[in-house]
Each structure stands twice: as structure tokens, then as C-alpha cells.
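Colleague: Below is the sequence, then the predicted model.
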Number of protein chains: 2
Amino acid sequence: MSSPRITLDRSSPVPLYFQVAEQLERAIVSGEIGAGERLENEITMAQDLGLSRPTMRQAIQVLVDKGMLVRRRGVGTQVVHGQVRRQVELTSLFDDLAAAGQHPRTTVLEQLLVPADEQVSEQLQVGLGEPVWSLRRLRFIAGGEPLAVMHNYLPSSIVDLGDVDLEAQGLYSYLRDAGFVIRVARQSIGARGVRPVEARLLREDVDAPLLTMQRTAYDNLGRAVEFGRHAYRPGLYSFDVTLVDR
Amino acid sequence: MSSPRITLDRSSPVPLYFQVAEQLERAIVSGEIGAGERLENEITMAQDLGLSRPTMRQAIQVLVDKGMLVRRRGVGTQVVHGQVRRQVELTSLFDDLAAAGQHPRTTVLEQLLVPADEQVSEQLQVGLGEPVWSLRRLRFIAGGEPLAVMHNYLPSSIVDLGDVDLEAQGLYSYLRDAGFVIRVARQSIGARGVRPVEARLLREDVDAPLLTMQRTAYDNLGRAVEFGRHAYRPGLYSFDVTLVDR
DNA sequence: GACGTCAAGATGTCCTGACAAATGCTTGAC
DNA sequence: GTCAAGCATTTGTCAGGACATCTTGACGTC
């Protein structure tokens, strides 16, 4: 039975349930609340913090959705065993690496308008053959080792990539600055053998396996904003996913 | 502005918010509510159904978490564009395929107790060298084509696999029957070249790429119940994931 | 015509209160 | 001694209300 010290700032614009969730999460990853340990019950925690029970429940729900807590009716709420793995988030690879302390370098191979092929047309909801931005980039990790070839398509009707320097910042970072709020992304992860062009770019053997990812991202208007086909060197990258049953 | 007809059964044990979510989802996948279309506002929908606003919100939230709806404050709730892809769920491959109308066949290659190696010991939270169930299976799709080699480890202290026939039913299906409630799973998806043993089992060339997945599953007590290392033939399988920003 | 203000409409947050359902422990009957 | 009934505990569901905040469009002013 554990009850970490939590402080609330009611004058802050940060929602109360989020303040609680943040501090609870810190207490879990720091080990202040050990794996398998049980939390104080919702009603008591709410009273201790001067919160209502729904607000307390909302805070706990955030961490349940992250796979860090499990609830059982009639029993209580417990911390899940096992080290917490960082979740795949809705950022591009660039932001991912930068956040991890790496200093990724990017080379833009192609940045121009091309007619949409069948798959692009379907994923981005634009007419077949209509112009879409085609962005091909090669990404390196610190040390100069090539990590991935990335090929993105963006509808020219809502994005203008004409003057954007995408060697200096990640695509998702640019899209955020341009006012797009990415809310949903559908990814498909697979594998295949490397192609000759990729082998040269990634400095891999001709028979090397590659990890592939296709992604379509949608903004808060429900529009498809970006579709990408990417290939990663499997020794240097993998996708971590947490599934939660609800 | 769309408002599909929804019927409620207040005598049913199924929660009201879930009844609403289910019928809304059906209306979206069936196309009754088109992509990009806006929903009636929460308050009106709640009144029409004789529900409180929190219950209506909870129903909508279910579909937001599934990536089917997006909300914008001050504006409303919209259906996301793009075909809805079936989400990866917390079931084993067997259940996945069976649900998809396939008739998977399974061969058990190994089902015995082995001492836990370092990774298994760490993932399952058991002592190094302690006995754990080792389950190696080969899975075929309809037509007899091999699809994947699967290697699972289960702690012998909480599961007994001694007399279980895992050619007839999937592992997760058995675990459910045995009273385990799997709530959280952490997966890591990668790729590598095929190994000689696998190449023979999967009828692949010696240089073929494989899609790999490692998974640790936890039950509603927070215990690690299963750890697995699996390899799939990439032409026949891929992982679909939907990411939602909250 | 450009800009700022205001109001309407929608979701976001937070509160109080109540009952239902599952779990685990205790108690009592046999 | 064993099993079943009952009780306390805890999360799950639902209601109804209040105010905050963001977005959009209308209106008016400069």
C-alpha cells in the first residue's frame, strides 16, 4: 500500500488530473512505488489531495492506458511488473532520436512534386496522378552510421514544402510549426530484403534484411497529412509497442 | 452533422457507454457515417438517448482511443478519414487468424521445462536457472504454408503446461480458460536474417529476411505470465498499429 | 478593407452523489 | 474441519450540474 507525496497547483493551467498522473508516473519510474505494489484506494487518495473521485480516477486511467497500472474491481490498483519501456510516440524518427540524446544527421535526397501513384492516392485521399510532395531522406545516427531511408508523401493542396529545410529539423517538427496537429497515425510494420539502391545508401550487403514501416498520419480535422514508406537497418532500430486491454 | 439511430437496453449487463460505442463504431465502419463527417454534439446526443453527458463522453472516448474519431474543442467531433484497419489485439496469432476466417494449423515442436536463461529470467521475474515452460511451435496458414516459428516461455510457478494440447487451441485461449486475465503486453518488433533451423522449418532461402517480435505479457495482478520470441515470414504477415495522441 | 470585439456553440475540466458488482476475508452452520 | 453465507472493501457505472476554454463567425469601428 503506497501513497507518494503529490503536490497540486490549482492556479496552473495544467489540468489537475494531469498533474497527478505526471507525479504518479514519476514515482513509478523512479522506483518510489515498487513493481507489484498496491496503491491507496481511489477515495482515500482523492480525499488526501482534496480532489473528487472522478478526477482521481481520470489521473489513474492515464497510467492504466500507458500500461503502467492495472486495476481489479474489489481489490485495488497495482503497479505492473517489468521495466517500463518508452512508448512509441507520435513524433518522427528525428524527434525520437534527438529526445534520446542522439544527434541525428539527415540528408535530403529528393524534395519535389510528383504525380500520386495508386497507393499514395488512396492513402492521402487525393486523385490519381495529382501532384504530391515526395520527400526522400537518408538518416544517420551519431558516428555517421546510416540508419534509415525514409520516403514521405504529402498532399500539395494542404502543405507547401517548397522552401523548407528538412535537414535542419524533422518533418513532424515542421508540421507542428506549420499549425498541423497530428492526432492519429496508422502504421504497418514488416520486413523485406534490401534493394540495390538502399544497400548502397545504407552500406548493407545485398542480402541484408530490412525493417519496414508504412505510416499514414491524420490531423485533428481527420485529414490525411502524410504517408510514408520507410526502411530501417534492423540492428540499429526496433519498434516498441505497448498493448493494453480495456 | 450525423446522428445514427442507437438503441439502448438498460436491463442488459453491458454498460450503456459501451452499447453506444459499439453501435457508433458499427455506423462508422459500415459507412453510415462517412469519413470526415461531423457528429451531433455531445449534449444533444446525450439528451436524445436519455443519457447523462459524462456517459456520452465516455462512449465517444472509446472510439477516440481507437483512432476512429477526433475531437476539437469549440468545434465538434469528426470521423477520421482513411479505411479503419483492424487493431492489433491482445490475443495470440492463433486467435487472430481464426477470427480472420483462416484455419491455422499448429505443430508443437517442444513443450517441456527448461532452466531460465538470462533474458527469460529478467522478463518473467524468476531466478536464473529456475525451471520455466519452453514452448516451441510452428504455425501454418490454410494451404499448409508455414507462417511462423514461435517460442514462448511461461513461469512454472503459476502455469502448468504439462497436460495441455496446444495444437488444438491457441496459447492465449488456453490462458484465458485457465483463469488468467491478460491486461498489458509489451512488444518489440524487429527484423533479422533467417537462421538455418528456421529456414528449413519455414521453407525459406538461407538469406531470407524474417520479421521478429518479442513480447512480455502481464495479467491483471501485474505478474509476467508469458515471454515469447517469434519469427514471421514477412510476405505473409505484418503488424498493424494505431497510435493516438492524447 | 483590416482589425478588434463580442457572442454563440462546442469540448475540456471538475464537482457531488449514488448504486452496482466483484473480490477476499470472516463467520457460522453442519 | 469444511463449506457456504454474509460482510467489508474497492473499483465500475451513471446522473446532473457548473464553469473554463477554444473556435468560429458576425458585427462594428477605425
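Modeller: Received, thanks.

Colleague: need the strands for chain A, in chain order.
Modeller: In chain A, the strands defined using DSSP state E lie at A:69-72, A:76-79, A:105-115, A:131-140, A:146-155, A:182-193, A:209-219, A:224-232, A:239-244.

Colleague: export these to TSV and tack on mean pLDDT and distance to B:S121?
Modeller: Placement of C-beta: from N, CA and C, glycine included. Converted to TSV, the strands of chain A look like this (pLDDT from 0 to 100; distance: least, Cβ to Cβ, whole Å):
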stretch	mean pLDDT	distance to B:S121
strand A:69-72	94	22
strand A:76-79	94	20
strand A:105-115	93	38
strand A:131-140	94	35
strand A:146-155	94	31
strand A:182-193	92	28
strand A:209-219	94	27
strand A:224-232	95	29
strand A:239-244	88	20
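
Colleague: can you list contacts of stretch A:122-137?
Modeller: Residues outside stretch A:122-137 that contact it (Cβ atoms under 8 Å, 6 or more residues apart in numbering or on different chains): A:106-118, A:120-121, A:149-157, A:159, A:161, A:166, A:171, A:216, A:223-224, A:227, B:81-82.

Colleague: Against DNA strand D, how distant is the residue nearest to A:L243 when sequence neighbours are not counted?
Modeller: Nearest residue to A:L243 in three dimensions, chain neighbours excluded: B:A185, at 4.6 Å (Cβ to Cβ, 6 or more residues apart in numbering or on different chains). Distance check for B:A185 against DNA strand D: by Cβ to the nearest atom of the strand, to the nearest Å, it reads 18 Å.

Colleague: In contact with the closest residue to A:V64 other than its chain neighbours, which residues are there?
Modeller: Leaving aside its sequence neighbours, A:V64 sits nearest to A:R71 (Cβ to Cβ, 6+ apart; 6.2 Å). Taking Cβ under 8 Å, 6+ apart, we find A:R71 in contact with A:60, A:64, A:77-78, B:220.

Colleague: Same question for A:R233.
Modeller: Here A:R233 is in contact with A:146-148, A:202, A:204, A:208, A:210-211 (criterion: Cβ under 8 Å, 6+ apart).

Colleague: rerun that using 10 Å as the cut-off
Modeller: A:141, A:145-149, A:194, A:198, A:202-204, A:208-211, B:191 (Cβ atoms under 10 Å, 6 or more residues apart in numbering or on different chains).

Colleague: which of these lies closest to DNA strand D?
Modeller: For the contacts of A:R233, the minimum distance to DNA strand D (Cβ to the nearest atom of the strand) is 33.2 Å, reached by A:A148.

Colleague: and the gap between that closest one and A:R139?
Modeller: Using Cβ to Cβ, to the nearest Å, A:A148 is found at 5 Å from A:R139.

Colleague: One more: A:I6?
Modeller: Computed as Cβ to Cβ, the A:I6 to A:R139 distance reads 40 Å.

Colleague: do the same with A:D240
Modeller: Counting by Cβ to Cβ, the gap from A:D240 to A:R139 is 18 Å.

Colleague: who's more crowded, the two?
Modeller: Each of A:D240 and A:R139 has its neighbours counted (other Cβ atoms under 10 Å in any protein chain shown); A:R139 has more, 21 against 14.

Colleague: Adding distance to B:S30, write the strands of chain A out as TSV.
Modeller: Formatted as TSV, these follow (distance: least, Cβ to Cβ, whole Å):
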stretch	distance to B:S30
strand A:69-72	33
strand A:76-79	37
strand A:105-115	33
strand A:131-140	30
strand A:146-155	27
strand A:182-193	19
strand A:209-219	20
strand A:224-232	21
strand A:239-244	26
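
Colleague: distance of A:R186 from DNA strand D?
Modeller: Using Cβ to the nearest atom of the strand, we find A:R186 at a distance of 24 Å from DNA strand D.

Colleague: and that residue, how many neighbours does it have?
Modeller: Counted with other Cβ under 10 Å, A:R186 comes out at 23.

Colleague: cool, A:S188 as well?
Modeller: Neighbours of A:S188 under the rule other Cβ under 10 Å: 15.

Colleague: beta partners for it?
Modeller: With DSSP bridges as the criterion, A:S188 is bridged to A:Q214, B:D240.

Colleague: which bits of chain A sit near DNA strand D?
Modeller: By Cβ under 7 Å from any atom of the strand, the residues of chain A that approach DNA strand D are A:13, A:39, A:41-44, A:53-54, A:57, A:71-77.

Colleague: Find the closest residue to chain B in chain A.
Modeller: At 3.1 Å from chain B, A:P209 is the closest residue in chain A, using Cβ to the nearest Cβ.

Colleague: Now that residue: closest residue in space that isn't a chain neighbour?
Modeller: B:P209 (3.1 Å).

Colleague: And A:A116, by the same measure?
Modeller: Leaving aside its sequence neighbours, A:A116 sits nearest to A:V132 (Cβ to Cβ, 6+ apart; 4.8 Å).

Colleague: What is the burial count for the one you found?
Modeller: For A:V132, the count of nearby residues is 24 (other Cβ under 10 Å).

Colleague: how much space between the closest residue to A:R176 other than its chain neighbours and DNA strand C?
Modeller: Excluding the flanking residues, the one nearest A:R176 by Cβ to Cβ, 6+ apart is A:I182, at 7.6 Å. Relative to DNA strand C, A:I182 is positioned 15 Å away (Cβ to the nearest atom of the strand).
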